[in-house]
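J.: Please work out how this folds:
(chains A, B, C and D)
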Number of protein chains: 4
Amino acid sequence: MPDRLEQLQEKLKRFVEERDWKQFHNPTQLAMDISVEASELLELFQWKLEKELPQVMKDKKSKIEEELGDVFMTCLKFANETNIDILAAAERKFLEMERKYPVEKAKGSNKKYNEL
Amino acid sequence: MPDRLEQLQEKLKRFVEERDWKQFHNPTQLAMDISVEASELLELFQWKLEKELPQVMKDKKSKIEEELGDVFMTCLKFANETNIDILAAAERKFLEMERKYPVEKAKGSNKKYNEL
Amino acid sequence: MPDRLEQLQEKLKRFVEERDWKQFHNPTQLAMDISVEASELLELFQWKLEKELPQVMKDKKSKIEEELGDVFMTCLKFANETNIDILAAAERKFLEMERKYPVEKAKGSNKKYNEL
Amino acid sequence: MPDRLEQLQEKLKRFVEERDWKQFHNPTQLAMDISVEASELLELFQWKLEKELPQVMKDKKSKIEEELGDVFMTCLKFANETNIDILAAAERKFLEMERKYPVEKAKGSNKKYNEL
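T.: I've put the predicted structure just below:
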């Protein structure tokens, strides 16, 4: 049985097909979409100092959830149209991150792996 | 039993904890991370005309998968740290999209819902 | 006599001072601002195919001008607050571009300098 | 006599012409370019807490100048190719900002104009 992620991807596929939107969905446009949605999430934290962030998370919780949901969906759309197994891609990157940031070197540090 | 998405989220949580990275992971920084990774995906399509895109998809397939995997993971990290159920958020947004873009109005059109 | 660019930078400086906004203007926030505004410009071209672009440029001309003006201003704000001579920085980068993309190699090519 | 900004714009124009790059420079691609460069500037501030920013500004000063120079240049390129008077566009937006954020309302506040 497909899990929830697969179900959502299926629904998205059908959504695009029913609207005949494939003609607009080249990878450049889909990557732009991810970028634009990511920026709308980022915008919610503009001009907020660190000490204000807990309050922002309360006041704008549902807006933040919406924008994150949007970014997530644009990722799924990109994956759908380009036939990428997005979960497998993320799992591979996770393994790479484990290699790049071994606990003993990376603990408590905010440096990039090539500066560690 | 947790599905693959939940398993990856769990692994990411542990990854961050073991490295004591929570101190750097405020929502602003996590949103910046999504945006920066989204841009790295976009970069792969710079200066490519529409007619070149099928070739780009072949030549850079594995790079594209990696960058999409990165964006996906940054979304999961944001969700983890802010206690957002990202799949539920995306499912809600999908329902909203269905309302905003009914088939009879949106079919074959690349207009925004407020221009339909 | 200061030129128009310098005059605008001066006005922006005064604008920020009069509003006591320096407290919110750390470089992270100013860089986020540039990114968010750049994305608003990008958004105007979403889902538009190449053949539609001349029409988009007509229909949305004034909106495009506004968004480009916004990005430009956020760059000047960043430069102001961090004491960077932005024109000198751009001129230096131009010289670097001339080195990286010599005419004989780069003519008619959309490859990156490291692929030429 | 053209000022330094106009001179740089002229040089950029010639640069693009000599390399026959106009074919790749549609407004979508030029807007992507601004966005990608803005993101590279943003990346320099990733995972840096507020208290670390003064040190970051010292350690990465020349890198920051370079990336800001890049964003500035991409703005000029966009303006060149679309025949937008970028300085005039920014000046108009400045007047709008003055209207949207009157000193008496906006002083010391980090709210958006529609929340003031």
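
J.: what about the spatially most central residue of chain A, which SS state?
T.: The residue lying closest to the centre of chain A (Cα atoms, centre = their mean) is A:Phe72, at 4.6 Å. Here A:Phe72 is recorded as helix under DSSP: H, G, I helix; E, B strand; the rest coil.

J.: Return the residues in contact with it.
T.: Listed by Cβ atoms under 8 Å, 6 or more residues apart in numbering or on different chains, the contact partners of A:Phe72 are B:75, B:86-87, B:89-90. (Each C-beta comes from the backbone N, C-alpha and C, glycine too.)

J.: close enough to count as contact, A:Phe45 and B:Ala31?
T.: Yes. Taking Cβ atoms under 8 Å as the definition, A:Phe45 is a contact partner of B:Ala31 at 5.7 Å.

J.: neighbour-wise, which of the two wins?
T.: Remark: of A:Phe45 and B:Ala31, B:Ala31 carries more neighbours, 27 against 24, as counted by other Cβ atoms under 10 Å in any protein chain shown.

J.: I figured that one hits A:Leu41, correct?
T.: Yes. Taking Cβ under 8 Å as the definition, B:Ala31 is a contact partner of A:Leu41 at 5.0 Å.

J.: Now do the shared contacts for those two.
T.: Overlap of the contact sets of B:Ala31 and A:Leu41 (by Cβ under 8 Å, 6+ apart) consists of B:Phe78.

J.: Can you show me the helices along chain A?
T.: With DSSP state H as the criterion, chain A has helices at A:4-18, A:27-43, A:53-59, A:61-82, A:86-100, A:103-106.

J.: Identify, out of those, the most deeply packed stretch.
T.: Highest mean neighbour count of the helices of chain A: helix A:27-43, a mean of 25 (counted as mean count of other Cβ atoms under 10 Å in any protein chain shown).

J.: Distance from the chain centre to that helix, please.
T.: Relative to the centre of its chain, helix A:27-43 is centred 10 Å away, using Cα atoms, centre = their mean, to the nearest Å.

J.: go on, stretch A:26-43?
T.: Here stretch A:26-43 is found 10 Å from its chain centre; the criterion is Cα atoms, centre = their mean.

J.: so does that stretch get close to chain C?
T.: Yes. On the criterion Cβ under 8 Å from any Cβ of the partner chain, stretch A:26-43 is in touch with chain C at A:29, A:32-33, A:35-36, A:38-40, A:42-43.

J.: What average pLDDT does that stretch get?
T.: Mean per-residue pLDDT for stretch A:26-43: 98.

J.: Briefly note if it comes near chain B.
T.: Yes. Using Cβ under 8 Å from any Cβ, stretch A:26-43 reaches chain B at A:26-28, A:31-32, A:34-35, A:38-39, A:41-42.

J.: Over to stretch A:45-65?
T.: Yes. Contact of stretch A:45-65 with chain B (Cβ under 8 Å from any Cβ) involves A:45, A:48, A:50, A:53, A:56-57, A:64-65.

J.: How far does that stretch sit from its chain's centre?
T.: Relative to its chain's centre, stretch A:45-65 lies at 19 Å (Cα atoms, centre = their mean).

J.: Equivalent analysis for stretch A:55-75, please.
T.: Centre-to-centre, stretch A:55-75 and its host chain are 11 Å apart (Cα atoms, centre = their mean).

J.: can you pull the contacts of whatever residue of chain A ends up closest to chain C?
T.: Using Cβ to the nearest Cβ, the single residue of chain A nearest to chain C is A:Ser39, 3.4 Å away. Counting by Cβ under 8 Å, 6+ apart, A:Ser39 touches B:35, C:35-36, C:38-40.

J.: Out of the residues you listed, the closest to chain A would be?
T.: Ranked by distance to chain A (Cβ to the nearest Cβ), the contacts of A:Ser39 are led by C:Ser39 at 3.4 Å.

J.: any idea of the pLDDT on A:Phe94?
T.: Listed pLDDT for A:Phe94 reads 96.

J.: roughly how far apart are it and chain B?
T.: Going from A:Phe94 to chain B by Cβ to the nearest Cβ, to the nearest Å gives 6 Å.

J.: contacting residues around that residue?
T.: B:8, B:11-12, B:15, B:73.

J.: Pull up the gap between the residue lying farthest from the centre of chain A and chain D, please.
T.: Centroid-distance maximum for chain A: A:Glu104 at 28.2 Å, with Cα atoms, centre = their mean. Taken as Cβ to the nearest Cβ, the spacing of A:Glu104 relative to chain D amounts to 19 Å.
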